[in-house]
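[1] quick check, what structure comes out for this input:
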Amino acid sequence: MRRVMIVGQPGSGKSTLARSLAQVTGLPVVHIDQLLWQSGWVLRPKAEVDVLCLEAHARPCWIFEGGHSPTWADRLERCDTLIWLDVPLPLRMFRVLRRTLRHYGYARPDLPPGCPERFDISFLVWIWRTRKTAREKMRRLHEGALTDKSCYRFTRAAEIDGFLSDVRDRAGCS
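    The predicted structure follows:
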């Protein structure tokens, strides 16, 4: 496990899993939100995000969590492990609201400095509107992954915990 691609919809636990995997494996984490956003919640131009993603993919090892589907094909080609967090919508909405309250006014670890957490109803509406189309896109990505990849689909926290436990065991960690 040297290059791990983690996908999932907002609130699925991508950043949390990426940080946990990094603690066990020592692999560096790339958070898509740090590439997408600049201070003040200014969205980078798509072409710039594409370049930043491709530069990250070219590194010898990484855990890349998050979307930006225009660069998925390159990321998928480079990764050796694909993890899809296919978590139910009610749990994801709860998690998004909980993290908003927990980090309100401060930048989360997976966000760039100058992007304080805020309550954004349009983000919740976007999560609702894309719940089916985004999931379908990830399903196709997961099903289309080459057989030389280790592919995982987790729908429950217990599955993720079991996976992390197996990785710890393989790494010789307690």
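[2] what about the closest residue to Met1 other than its chain neighbours, neighbour count?
    Distance criterion CB to CB, 6 or more residues apart in numbering; nearest residue to Met1, sequence neighbours excluded, is Thr81 at 5.3 Å. In this view, the C-beta of every residue, glycine as well, is placed from N, C-alpha and C. Neighbour count of Thr81, defined by other CB atoms under 10 Å: 18.
[3] which ones are touching Thr81?
    Counting by CB atoms under 8 Å, 6 or more residues apart in numbering, Thr81 makes contact with 1, 3-5, 149-152.
[4] shaky segments in the protein?
    Scanning the chain for pLDDT under 70 picks out 173-174.
[5] which residues in it form helices?
    Secondary structure of the chain by DSSP state H: the helices cover 14-25, 32-36, 46-57, 72-78, 89-103, 121-129, 131-143, 157-171.
[6] quick one: closest of the ones you listed to Cys115.
    helix 32-36 (7.9 Å; CB to CB).
[7] CA atoms of the closest one as PDB?
    Extracted in PDB, the C-alpha atoms of helix 32-36 (Å, rounded to 0.1, in the frame of the first residue of the first chain):
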ATOM      1  CA  ILE A  32      -8.600  17.700  -2.100                       C
ATOM      2  CA  ASP A  33     -10.100  20.600  -0.200                       C
ATOM      3  CA  GLN A  34      -6.600  22.100   0.300                       C
ATOM      4  CA  LEU A  35      -6.100  22.000  -3.400                       C
ATOM      5  CA  LEU A  36      -9.600  23.300  -4.300                       C
END
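[8] which secondary structure elements does that helix contact?
    Counting by 3 or more CB pairs under 8 Å, 6 or more residues apart in numbering; DSSP states H and E, the packing neighbours recorded for helix 32-36 are helix 46-57.
[9] in the helix it packs on, what counts as buried?
    Of the residues in helix 46-57, 49-50, 52-53, 56-57 count as buried by neighbour count, 16 or more other CB atoms under 10 Å.
[10] equivalent analysis for stretch 61-69, please.
    62-68.
[11] stretch 164-174 too?
    Quick answer for stretch 164-174 (16+ other CB under 10 Å): 164, 167-168.
[12] do the same with stretch 72-80
    Buried-residue list, stretch 72-80, by 16+ other CB under 10 Å: 72, 75-76, 78-79.
[13] okay, those in TSV with distance to Gly105 next?
    Shown next, in TSV, are those (distance: CB to CB, whole Å):
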residue	distance to Gly105
Trp72	33
Arg75	32
Leu76	36
Arg78	37
Cys79	35
